[in-house]
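Colleague: Any chance you could fold what I've pasted below:
(2 chains)
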Number of protein chains: 2
Amino acid sequence: MSEKESKAKKISTESYKGVRDFYPAEMAVQNHIFNTWKQVVERFGYQEYNASVLEPAELYRAKSGEELVNEQTYTFTDRGDREVTLRPEMTPTVARMVAGKKRELSFPLRWYSIPNLFRYEQPQRGRLREHWQLNVDLFGAKSLQAEVEVISLAVEILRAFGLKDQQFAVRINNRKIVNFVMNEVLELSEDKAHALAKLIDRKAKMPASEFAEKVEALVGLKSDLFKELINSQNFENFISILPVPMRTYEGIVETKSVIENLEKLGITNVIFDQTLMRGFDYYTGTIFEIFDTNPDNRRSVFGGGRYDDLLAIFGQEKVPAVGFGAGDVVMKDLLETYGLLPAETSKTRLYIAIADDGATAFAQDLAQSLREAEVSVSLDYSGKKIGDQVKYADKNKIPFVTVIGADEVKSGKFKIKNMATGEEKVAIEKEIVEIVK
Amino acid sequence: MSEKESKAKKISTESYKGVRDFYPAEMAVQNHIFNTWKQVVERFGYQEYNASVLEPAELYRAKSGEELVNEQTYTFTDRGDREVTLRPEMTPTVARMVAGKKRELSFPLRWYSIPNLFRYEQPQRGRLREHWQLNVDLFGAKSLQAEVEVISLAVEILRAFGLKDQQFAVRINNRKIVNFVMNEVLELSEDKAHALAKLIDRKAKMPASEFAEKVEALVGLKSDLFKELINSQNFENFISILPVPMRTYEGIVETKSVIENLEKLGITNVIFDQTLMRGFDYYTGTIFEIFDTNPDNRRSVFGGGRYDDLLAIFGQEKVPAVGFGAGDVVMKDLLETYGLLPAETSKTRLYIAIADDGATAFAQDLAQSLREAEVSVSLDYSGKKIGDQVKYADKNKIPFVTVIGADEVKSGKFKIKNMATGEEKVAIEKEIVEIVK
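Modeller: This next block holds a predicted model:
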């Protein structure tokens, strides 16, 4: 084989396009995010579930339509002629699971999962083909306290990461308000209402003049009223623009109640936002997002709402549900921006350098005892110079090092070096645990 | 729409064929297995990594060949005309990652991961289309101590699950022994050696007479010697059958050393097994399995070995490596057989039943304080009778319950009921943590 051919045969070390490799340093960050998520949601009594990333394609056709399934998801046909999709979101899966065991499950269910999700699109910053997403759902609670709990849980997650309340805010709206404004205030047909919702969703992405023109075309005579509504600066102002009988409509009352109850729990960074639409068709009541208040980057970190009708696609009775999702990529970027990522450290507490081969079995035995005492210990079998063995520990951020040779085997006394301070302590076996913990 | 049409439109609640849904009860078992794995490997100083389940298909062609990739994996072509495979094993991925950053990484690497893996085959007991697998690898250690560490780590995992040493055993062989027996003792061509290895792998699956016939056809005149070798009952006996000069060949010396060093660490359930072949072509030295000694079900729980050449497919220098894999399905079955699965419990410690709506905000506040003190608390917003609220806690195995109504709001005193014993204790807020922890 010529050198050229041999080169051509080399396999690339690149990952597949748009997905990530997690080397230990990146994995540690990912684990920090996942563990914080888990800890907070479990304090609220939520239980973890999971499913396969492979789902029958029909699961997404019902709500997302053919276009989304075919163009924005990974869908393929298996050799048994089944259409399979790599899940693009978790809500259809959890709805399927709840519907599948509805009679055996005891409601309310407080469930969470951290699935990986796939979307077939051009990779760009913050939008990869694969990402992980915390999904939190409360099934079977009609009460608005469900919204209050789920939103306060999301807020607690950000606080647990070390964010201050002024660094983020909750944006809230209600699908019922959107609907009655569209249908009763602006008197739009269903098609026009849908188009207007999409337009509002993209408002920030176009010049004000273009937005105004497009609104005019859709809303016609009522454009001034629409402008007044969309420009109102707070909830009271928004309500005052509505015709009097509508001011006590369900959506208004619900939103007021959620905001008041969050306030009672000390969550005051809540903003009513009439422009919040959220893409999914399945929301039926409260919708919310939590966003970064940094004016340079008002990214959305959490998004969710109430969806009471989703189980209908499985031919089942409705089950009230409130939930949200939070992506790992946005979360990591947010923590990075605010300097809240943990410093790189090793979980390994002690590194045992070996001065001569004869000490290996003794060192392994010592390591074994320390592990039984819940200390993480790693050994060096390289036979390299002690200096190089110690350098390895330093490079790998292992906080304590000890060297074992004939003397240590004989005396049973070990010098434990603190790599950060340089301090050395002499210890017998049972004192080591105390020093390195 | 007629009722018939409406029925036809219902989406199935079944998962995709051959994969599993993890409801909270199954997820708890899965988490118990994963957490035990993680805890033990991290005590040995191993760091977690991960990658996407999507890999370029070429990654598997190099070692597995076209047939395996096309017929036994999920492989499809994306719209950018890239061939993508759902990873069927993790070793090629980790080799790719190590090769990709070889210059930046400081060896030895102690790495682990718990990926999900996909195989396209007919689902059967213990062989699903998707399973999770612990992968542990030590890269960059030439010393046989690497084998000793990795095998002892696997043993420690089983001990951590509560298995006794007599319930499992380590079966060990060495690819170098296999090779020189095939080439030098039996004097077989490469093709015949390969066929014989496959035959030995399937020995248990055919009648003894069939096996003998097929051996005869392959090995010819040396069949008696082969029989003697394959029937030898222990390592000493096996060695004594070999021609004298071969008794000190590398593979023999290595295997002896590994067995002796494991013994020094108190691991004595180690058996030399000349019939252990292991399917993968990439092993170059020690190969091992740990199996259940239950005579009714001698299943393999861990399998691995040394593979020093794998990075060559990326056009890189060799890196010595020792590793093993352990599947979640086999692990769960094993723990079930020996009654070692943990009892079903809830991570939620306290359930707050609410006697009247007016107490809700107060109860939420109390829950919030308890969560800050690291207690998992869940609240009932159902408005149901107290008896039903308490029943819910019982059904969900939440160990403590308190009921909050107007009296509790006024007095700040709470009756905390232990659901297992029926005992009730009266406590003020700050005493609750102590009681329920």
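
Colleague: For whatever residue of the stretch 251-400 of chain A ends up closest to chain B, which non-adjacent residue is closest in space?
Modeller: Using C-beta to the nearest C-beta, A:Ser378 is the residue of the stretch 251-400 of chain A that sits closest to chain B, at 2.8 Å. (C-beta placed from N, C-alpha, C; glycine too.) Of all residues beyond its chain neighbours, the one nearest A:Ser378 is B:Gly45 (2.8 Å), with distances taken as C-beta to C-beta, 6 or more residues apart in numbering or on different chains.

Colleague: Could you tell me how many residues sit around the one you found?
Modeller: Here the neighbour count serves as a burial measure; for B:Gly45 (other C-beta atoms under 10 Å in any protein chain shown) it reads 26.

Colleague: quick one: contacts for it?
Modeller: Shown here is B:Gly45, whose contacts under the criterion C-beta atoms under 8 Å, 6 or more residues apart in numbering or on different chains are A:Thr348, A:Tyr351, A:Ser376, A:Val377, A:Ser378, A:Leu379, A:Ile398, B:Arg110.

Colleague: Just the buried residues of the helix or strand hosting A:Val136, please?
Modeller: When secondary structure is defined by DSSP states H and E, A:Val136 falls within strand A:130-139. Of the residues in strand A:130-139, those scored as buried under the neighbour-count criterion (16 or more other C-beta atoms under 10 Å in any protein chain shown) are A:Glu130, A:His131, A:Trp132, A:Gln133, A:Leu134, A:Asn135, A:Val136, A:Asp137, A:Leu138, A:Phe139.

Colleague: Beta-bridge partners for the fourth one, please?
Modeller: Beta-bridge partners of A:Gln133, counted by DSSP bridges, are A:Gly327.

Colleague: surely it meets A:Gly323?
Modeller: No: between A:Gln133 and A:Gly323 there is no contact under C-beta atoms under 8 Å: 11.3 Å.

Colleague: Which pLDDT does the model give A:Lys205?
Modeller: According to the model's per-residue confidence, A:Lys205 sits at a pLDDT of 88.

Colleague: Residues touching the longest helix along chain A, excluding its own?
Modeller: Longest among the helix segments of chain A by residue count, using DSSP state H, is helix A:24-43. Contacts of helix A:24-43 from elsewhere in the structure, counted by C-beta under 8 Å, 6+ apart, are A:20, A:22, A:48, A:112, A:114, A:132, A:134, A:136, A:153, A:156-157, A:160-161, A:326, A:328, A:331-332, A:335, A:341-342, A:344-345, B:47-50, B:111, B:347-348, B:371, B:374-377.

Colleague: repeat for stretch A:82-90
Modeller: Taking contacts as C-beta under 8 Å, 6+ apart, the residues outside stretch A:82-90 that touch it are A:51, A:53-60, A:68-69, A:72-78, A:93, A:113, A:115, A:117-119, A:133, A:135, A:325, B:16-17.

Colleague: ok, now with 7 Å
Modeller: Under the contact criterion C-beta atoms under 7 Å, 6 or more residues apart in numbering or on different chains, stretch A:82-90 has outside partners A:53-57, A:60, A:69, A:72-78, A:93, A:113, A:115, A:117-119, A:133, A:135, B:16-17.

Colleague: now stretch A:301-317
Modeller: Applying C-beta under 7 Å, 6+ apart, the set of residues contacting stretch A:301-317 from outside is A:62-63, A:91, A:95-96, A:98-99, A:102, A:147, A:150, A:154, A:168, A:278, A:282-292, A:318-326, A:330-331, A:334, B:10-11, B:13.

Colleague: same question, stretch A:283-292
Modeller: Outside of stretch A:283-292, the residues within contact range by C-beta under 7 Å, 6+ apart are A:147, A:151, A:154, A:158, A:167-176, A:254-255, A:258, A:276, A:278, A:298-309, A:334.

Colleague: Out of these, which end up buried?
Modeller: If you count burial by 16+ other C-beta under 10 Å, the buried members of the contacts of stretch A:283-292 come out as A:147, A:151, A:154, A:158, A:167-176, A:254-255, A:258, A:276, A:278, A:301-309, A:334.

Colleague: Show me which residues of the stretch 51-200 of chain A are close to chain B?
Modeller: By the rule C-beta under 7 Å from any C-beta of the partner chain, the part of the stretch 51-200 of chain A lying against chain B is A:51-56, A:58-59, A:62, A:76, A:79, A:82, A:84, A:96-97, A:99-101, A:106, A:110-111, A:120, A:130, A:141, A:143, A:145-146.

Colleague: actually the stretch 301-437 of chain A, not the one I wrote
Modeller: Selection of the stretch 301-437 of chain A residues close to chain B by C-beta under 7 Å from any C-beta yields A:313-315, A:347-348, A:360-361, A:364-365, A:368, A:371, A:376-378, A:381, A:392, A:395-396.

Colleague: Repeat the analysis, applying 6 Å as the threshold.
Modeller: Residues of the stretch 301-437 of chain A lying close to chain B (C-beta under 6 Å from any C-beta of the partner chain) are A:Ile313, A:Phe314, A:Gly315, A:Lys347, A:Thr348, A:Ala361, A:Gln364, A:Arg371, A:Ser376, A:Ser378, A:Tyr381, A:Lys395.

Colleague: pLDDT weak spots in the stretch 201-350 of chain A?
Modeller: Using pLDDT under 70 as the threshold, the predicted model of the stretch 201-350 of chain A has low-confidence ranges A:280.

Colleague: which residues of it fall in strands?
Modeller: Under the criterion DSSP state E, counting those that start in this stretch, strands of the stretch 201-350 of chain A are mapped to A:270-272, A:286-292, A:300-306, A:321-327, A:350-354.

Colleague: and the angle for the second one with strand A:321-327?
Modeller: In terms of direction (axes from the mean of the first three to the mean of the last three C-alpha atoms, to 10 degrees), strand A:286-292 departs from strand A:321-327 by 20 degrees.

Colleague: Direction included, what does strand A:286-292 pair against?
Modeller: Within its sheet, strand A:286-292 is paired with strand A:168-174 (antiparallel), strand A:300-306 (antiparallel), according to DSSP bridges.

Colleague: A:Lys256 - how many residues pack around it?
Modeller: Residues within reach of A:Lys256, counting by other C-beta under 10 Å, total 17.

Colleague: ok, now A:Met27?
Modeller: Around A:Met27 there are 19 residues (other C-beta under 10 Å).

Colleague: Spatially, what comes nearest to it if we skip its sequence neighbours?
Modeller: B:Glu48 (4.9 Å).

Colleague: Tell me the bridge partners for the one you found.
Modeller: In beta-bridge terms (that is, DSSP bridges), B:Glu48 pairs with B:Tyr112.

Colleague: How about A:Thr402?
Modeller: For A:Thr402, the beta-bridge assignment (DSSP bridges) gives partners A:Ile352.

Colleague: you'd agree it is up against A:Asn418?
Modeller: No: the pair A:Thr402 and A:Asn418 does not pass the contact test of C-beta atoms under 6 Å, sitting 10.8 Å apart.

Colleague: And these two? Which one has more around it.
Modeller: Per other C-beta under 10 Å, whichever of A:Thr402 and A:Asn418 has more neighbours is A:Thr402, with 24 against 14.

Colleague: Can you check the pLDDT for that one?
Modeller: Looking at A:Thr402, its pLDDT is 97.

Colleague: Spit out the contact partners of it.
Modeller: Taking C-beta atoms under 6 Å, 6 or more residues apart in numbering or on different chains as the definition of contact, the neighbours of A:Thr402 are A:Ile352, A:Phe414, A:Ile416.

Colleague: hmm, 8 Å instead?
Modeller: Contacts for A:Thr402 (C-beta under 8 Å, 6+ apart) come out as A:Leu350, A:Tyr351, A:Ile352, A:Ala353, A:Glu408, A:Phe414, A:Lys415, A:Ile416, A:Lys417, A:Ile432.

Colleague: Export these to JSON lines and append columns for neighbour count and distance to B:Asp201.
Modeller: Supplementary listing: the contacts of A:Thr402 in JSON lines, determined by neighbours: other C-beta atoms under 10 Å in any protein chain shown; distance: C-beta to C-beta, whole Å:
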{"residue": "A:Leu350", "neighbour count": "27", "distance to B:Asp201": "41"}
{"residue": "A:Tyr351", "neighbour count": "25", "distance to B:Asp201": "40"}
{"residue": "A:Ile352", "neighbour count": "26", "distance to B:Asp201": "39"}
{"residue": "A:Ala353", "neighbour count": "25", "distance to B:Asp201": "41"}
{"residue": "A:Glu408", "neighbour count": "20", "distance to B:Asp201": "46"}
{"residue": "A:Phe414", "neighbour count": "23", "distance to B:Asp201": "47"}
{"residue": "A:Lys415", "neighbour count": "14", "distance to B:Asp201": "50"}
{"residue": "A:Ile416", "neighbour count": "19", "distance to B:Asp201": "48"}
{"residue": "A:Lys417", "neighbour count": "21", "distance to B:Asp201": "49"}
{"residue": "A:Ile432", "neighbour count": "23", "distance to B:Asp201": "45"}
